[in-house]
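A.B. asks: structure of the sequence below:
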Amino acid sequence: MNIDRRQLALPVLALGLGVGLMSVVPAFAGADEDAIAKNVEAFRAAQAAGNAEGIAPLCAEELSYSHSSGAVDDKAALLAGTKNAKYKWTSLEYKNPTIRIVGPAAIVRFNFVGEQEFAADGKKVPQNLHILMNWQKQGSDWKLLSRSATKL
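C.D. replies: Okay, the predicted model is just below:
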């Protein structure tokens, strides 16, 4: 079997082109990660304020929002629950967030730490959850497609 220089050069050239293309991808991922991080913070701020109007544009119409109790809301139920909440958040933090982009989707994980104060009796209830959010790129916007909560 005879191997000439051209046969050896093609795989090296292809590898070089592949590495060059891969170095362009993080620039897009970084911009998407920044957009998702801004949306996650906007969601947290609206949630902490009980602002359904702030939450609405961040959510996909197909939203599936799971609470740590096991209850599942669609977008309309989440917004209604936010508007009619019988508590207020005295604190709410999303700690140690991670964002992983996979094509037109993003996986976001963080610890949800806060305290709710109930209007009826002033009782304060701490919350310590692990959250998994899935965001989907719809057009040029990232929308919350699903959320799941697990008690810690």
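A.B. asks: tell me where the protein has strands.
C.D. replies: Secondary structure of the chain (DSSP state E): strands at 59-66, 72-73, 87-102, 105-118, 124-138, 141-151.
A.B. asks: relative to Ala37, which of those strands is closest?
C.D. replies: strand 87-102 (6.3 Å; Cβ to Cβ). Heads up, the C-betas are built off the backbone N, CA and C, glycines and all.
A.B. asks: the closest one pairs with which strands, and in what direction?
C.D. replies: strand 105-118 (antiparallel) (DSSP bridges).
A.B. asks: if we can go back for a sec, got a markdown table for the strands of the chain, with mean pLDDT, distance to Ala37 and mean neighbour count too?
C.D. replies: Below are these laid out as a markdown table (pLDDT from 0 to 100; distance: least, Cβ to Cβ, whole Å; neighbours: other Cβ atoms under 10 Å):
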| stretch | mean pLDDT | distance to Ala37 | mean neighbour count |
| --- | --- | --- | --- |
| strand 59-66 | 98 | 17 | 17 |
| strand 72-73 | 98 | 24 | 16 |
| strand 87-102 | 97 | 6 | 14 |
| strand 105-118 | 98 | 9 | 17 |
| strand 124-138 | 98 | 10 | 16 |
| strand 141-151 | 98 | 10 | 18 |
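A.B. asks: quick one: which of the ones you listed is nearest Ala42?
C.D. replies: Distances from Ala42 to each of the strands of the chain were compared using Cβ to Cβ; the minimum, 10.4 Å, belongs to strand 141-151.
A.B. asks: re the thing from before, would you turn the strands of the chain into JSON lines with distance to Asp32?
C.D. replies: Shown next, in JSON lines, are the strands of the chain (distance: least, Cβ to Cβ, whole Å):
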{"stretch": "strand 59-66", "distance to Asp32": "16"}
{"stretch": "strand 72-73", "distance to Asp32": "26"}
{"stretch": "strand 87-102", "distance to Asp32": "5"}
{"stretch": "strand 105-118", "distance to Asp32": "7"}
{"stretch": "strand 124-138", "distance to Asp32": "7"}
{"stretch": "strand 141-151", "distance to Asp32": "7"}
